[in-house]
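[1] let me see the structure of the following:
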Amino acid sequence: MADVVVTFRIMPQNPGINLSHIEVEAKKEIVKFCNSKEFKTQIEPIAFGLKALNILFVMDENKGSTEELENKISQIKGVESVEVTDVRRAIG
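    Residues are numbered from 1 along each chain as shown. Just a heads-up that it's a prediction; the model follows:
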């Protein structure tokens, strides 16, 4: 099967939450889940000082659903929500 590129949008509980801490912890969970070593992160301004953390990572599509991973990341201190915003098959 192929690899897929998954994008998560992680929303903090409030604008004062340290997104760097969430990023480090989320990446640890992603590595445990699918052994991914390829990441791209982006901070996205939302409104009124609130910012979202977008994490793109590569995983084998045979792994299936990311629901278990989303639940683990949502348990990180300071995380309000986690959602999959994009899934694409990797080419190449």
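[2] show me the helices in the protein, by range?
    Remark: helices assigned in the chain by DSSP state H are 19-34, 67-74.
[3] and the angle from the shortest one to helix 19-34?
    Looking back up the chat, that one is helix 67-74. Taking axes from the mean of the first three to the mean of the last three C-alpha atoms, to 10 degrees, one finds helix 67-74 and helix 19-34 inclined to each other by 150 degrees.
[4] report the mean confidence score over helix 67-74.
    Mean pLDDT, helix 67-74: 96.
[5] please apply the same query to stretch 14-26.
    95.
[6] just the buried residues of it, please?
    Counting neighbours by 16 or more other C-beta atoms under 10 Å, one finds that the buried residues in stretch 14-26 are Ile17, Leu19, Ile22, Glu23, Glu25, Ala26. To be clear about C-beta, it is placed using only N, CA and C from the backbone, and glycine gets the same treatment.
[7] equivalent analysis for stretch 61-77, please.
    The neighbour-count check on stretch 61-77 (16+ other C-beta under 10 Å) flags Lys63, Thr66, Leu69, Glu70, Lys72, Ile73, Ile76 as buried.
[8] as TSV, these with distance to Ile46 would be great.
    Shown next, in TSV, are the buried residues of stretch 61-77 (distance: C-beta to C-beta, whole Å):
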residue	distance to Ile46
Lys63	29
Thr66	22
Leu69	22
Glu70	19
Lys72	23
Ile73	18
Ile76	18
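[9] between those, which is closest to Phe48?
    Proximity of the buried residues of stretch 61-77 to Phe48 (C-beta to C-beta) peaks at Ile76, which lies at 22.5 Å.
[10] ok, that closest one touching Ile22?
    Yes - between Ile76 and Ile22 there is a contact under C-beta atoms under 8 Å: 5.8 Å.
[11] coming back round to it: nearest to Glu44, of the buried residues of stretch 61-77?
    For these, the nearest to Glu44 is Ile73 (16.3 Å; C-beta to C-beta).
[12] and Val82, what are its bridge partners?
    Following DSSP bridges, Val82 is listed with bridge partners Ile10.
[13] state the distance from it to Ala2.
    Separation of Val82 from Ala2 (C-beta to C-beta, to the nearest Å) stands at 24 Å.
[14] nice, that's everything, thank you.
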